[in-house]
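Novice: Predicted structure and sequence below. I'll ask about it afterward.
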Amino acid sequence: MAEIINLRMARKAKARSEAGKQAEENRAKFGQTKADKKARKAEATRAGKAHAAGRIEKSQLERPE
């Protein structure tokens with residue numbers, strides 16, 4: 001005898017499998033290389049430091065009398 005399967009579950013499993021294949025293709029097609037990720041992280045760090053360097057502290061805001 002053949003094994004009884006639930007068609008709803010089989011359809012969902014097939015859809016998940018196809019979605020996984022599509023996701024893998026997209027990662028290969030549109031993904032970032034390690035060098036790109038490293039450069040983007042370095043740029044964000046540099047921009048964050050430049051932003052923090054321009055910050056004004058409360059002690060600088062008070063007027064000397």
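Specialist: On my side now, so go ahead.
Novice: what pLDDT, on average, does stretch 35-55 get?
Specialist: For stretch 35-55, the mean pLDDT works out to 93.
Novice: For it, output the C-alpha coordinates as CSV.
Specialist: Coordinates of each C-alpha in stretch 35-55 appear next as CSV, following Å, rounded to 0.1, in the frame of the first residue of the first chain:
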residue,chain,number,x,y,z
ALA,A,35,34.7,43.1,1.7
ASP,A,36,31.6,45.1,1.1
LYS,A,37,30.2,44.4,4.6
LYS,A,38,33.6,45.3,6.1
ALA,A,39,33.8,48.6,4.2
ARG,A,40,30.2,49.5,5.1
LYS,A,41,30.9,48.8,8.8
ALA,A,42,34.1,50.9,8.7
GLU,A,43,32.2,53.8,7.1
ALA,A,44,29.4,53.6,9.7
THR,A,45,32.0,53.6,12.5
ARG,A,46,33.9,56.6,11.0
ALA,A,47,30.6,58.5,10.5
GLY,A,48,29.6,57.8,14.1
LYS,A,49,32.9,59.0,15.4
ALA,A,50,32.6,62.2,13.4
HIS,A,51,29.1,62.8,14.7
ALA,A,52,30.2,62.2,18.3
ALA,A,53,33.1,64.6,17.8
GLY,A,54,30.8,67.5,17.0
ARG,A,55,28.6,66.9,20.1
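Novice: Buried residues, that stretch. List them.
Specialist: Within stretch 35-55, no residue counts as buried by 16 or more other C-beta atoms under 10 Å. Glycine gets a C-beta too; all of them are placed from N, C-alpha and C.
Novice: any idea how far it is from the chain center?
Specialist: Distance of stretch 35-55 from the chain centroid (C-alpha atoms, centre = their mean, to the nearest Å) equals 17 Å.
Novice: Go ahead and name everything in contact with that stretch.
Specialist: Here stretch 35-55 makes contact (C-beta atoms under 8 Å, 6 or more residues apart in numbering) with residue 32.
Novice: What strand or helix carries residue 9?
Specialist: Secondary structure from DSSP states H and E places residue 9 in helix 7-30.
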